[in-house]
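**Student:** Quick check, what structure comes out for this input:
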Amino acid sequence: MLILAIESSCDEFSVAVMENGKIKSNVISTQIKDHTKYGGVVPELASRLHVENFSKVILDAVSKSKVIWSDIDYIAYTNNPGLIGSLIIGRLVAKTIGLYLDKPTMPLNHMEGHIYSANIDNDFEYPVLSLVVSGGHTQIQLLEKPLDFKVVGTTLDDAIGECYDKVARCLELPYPGGPEIDKITFGGNSSAYEFPKLNLINELDYSFSGLKTASINLINKHRKNNTFNIKDFCAGFQNSAIDYLLNGFEKAIVKYKPRTITLAGGVSANKLLRSRIFSIGNKYNICNILLPDLKYCTDNAAMIAELCNEYIKYK
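**Tutor:** Below you'll find the predicted structure:
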């Protein structure tokens, strides 16, 4: 079974080739440098750059995989959620290839792809509980069996990645803010500043707007008084955000008793989060703690190929 997968939901255009469940190539064209000067992703620019870059990415992915075009069995692509213009480019490219090769196309969900990114080099044992964390999403999803997605917790306002980005902008750090804050925390005193205690809503739902506002107020207050230390602040901010995330996730573990826990999404590359997820798993005697390889944390087509492979196997 040979799958060509396309991911274009935001500011990356990625193409992957999977053969019999193994990733043969995964090429990503990122636009971070193009959007950094605007402090975030500009949707129109993202879709325009996808148009410019998609042919090079496809040819590179197919060349690296060393497969023959006519042997491809399925073309999978991200259908939702994401930036409308970016999604349309990926869909048009996938449909065009499908028509040319006379092969079926499969529209897939971006969030489901992120969840299955942890399954690329591993095997889920069900039920699976996944903490999905990115610039646009913060969710806890439960899978009692393959492809049985159920959102049991979500953010009611800002996603955690969005919160990081807005605080980083106030700190005058480059976009994206998450990796920059993560780097600065090394050696910082997480107790130097007092951050608000964050409470879950409706049992397992999140709200990051309070942390965002409190953090920006702290920055402005201590800068005005010349008492601001960026290392200590970033360490405290990150500790507060991760504590809040894992508080909800731990409650979900107690409630749903999963056999596998995973991280998914761009923020799953965060060093503190990756470390602490193992501590929680060990606390509840969960042996199957699966984290996506760092190259599969950001938006990429390998996760869409893996999701497509799962749908072919089970549905």
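
**Student:** Next, give phi and psi for the residue lying farthest from the centre of the chain.
**Tutor:** What lies farthest from the middle of the chain is residue 225; by CA atoms, centre = their mean that is 37.1 Å. Dihedral angles of residue 225 (phi, psi; degrees, to the nearest 10) stand at phi -90, psi 0.

**Student:** tell me the contacts of it?
**Tutor:** Going by CB atoms under 8 Å, 6 or more residues apart in numbering, residue 225 touches no other residue. C-beta here means a position set from N, CA and C on the backbone, and glycine is covered the same way.

**Student:** Could I get the CA-only coordinates of stretch 36-54 as CSV?
**Tutor:** Taking Å, rounded to 0.1, in the frame of the first residue of the first chain, the C-alpha atoms of stretch 36-54 are listed here in CSV:
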residue,chain,number,x,y,z
THR,A,36,8.1,36.4,11.7
LYS,A,37,8.1,40.1,10.7
TYR,A,38,4.3,40.2,11.2
GLY,A,39,4.4,38.5,14.6
GLY,A,40,2.2,35.6,13.4
VAL,A,41,0.8,33.9,10.4
VAL,A,42,-0.8,36.0,7.7
PRO,A,43,-3.4,33.7,6.0
GLU,A,44,-3.2,35.3,2.5
LEU,A,45,0.6,35.2,2.5
ALA,A,46,0.5,31.5,3.6
SER,A,47,-1.7,30.4,0.8
ARG,A,48,0.2,32.4,-1.8
LEU,A,49,3.5,30.8,-0.7
HIS,A,50,1.9,27.4,-0.8
VAL,A,51,1.1,28.0,-4.5
GLU,A,52,4.8,29.0,-5.1
ASN,A,53,6.3,26.0,-3.3
PHE,A,54,4.0,23.0,-3.6
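
**Student:** Return the set of buried residues in it.
**Tutor:** Buried residues in stretch 36-54, counted by 16 or more other CB atoms under 10 Å: 41, 42, 46, 47, 48, 49, 50, 53, 54.

**Student:** mind giving me JSON lines with these and columns for distance to residue 65?
**Tutor:** Listed next are those as JSON lines, based on distance: CB to CB, whole Å:
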{"residue": "41", "distance to residue 65": "29"}
{"residue": "42", "distance to residue 65": "32"}
{"residue": "46", "distance to residue 65": "26"}
{"residue": "47", "distance to residue 65": "26"}
{"residue": "48", "distance to residue 65": "27"}
{"residue": "49", "distance to residue 65": "24"}
{"residue": "50", "distance to residue 65": "21"}
{"residue": "53", "distance to residue 65": "18"}
{"residue": "54", "distance to residue 65": "17"}
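
**Student:** related to what we said a few turns ago, I'd like the distance between the residue farthest from the centre of the chain and residue 218.
**Tutor:** Relative to residue 218, residue 225 is positioned 11 Å away (CB to CB, to the nearest Å).

**Student:** now swap in residue 157 and tell me
**Tutor:** From residue 157 to residue 218 the distance is 19 Å (CB to CB).

**Student:** what's the answer for residue 129, then?
**Tutor:** Residue 129 sits 33 Å away from residue 218, going by CB to CB.

**Student:** Compare the two (neighbour count), which wins?
**Tutor:** Higher neighbour count among residue 129 and residue 218: residue 129, with 23 against 20, using other CB atoms under 10 Å.
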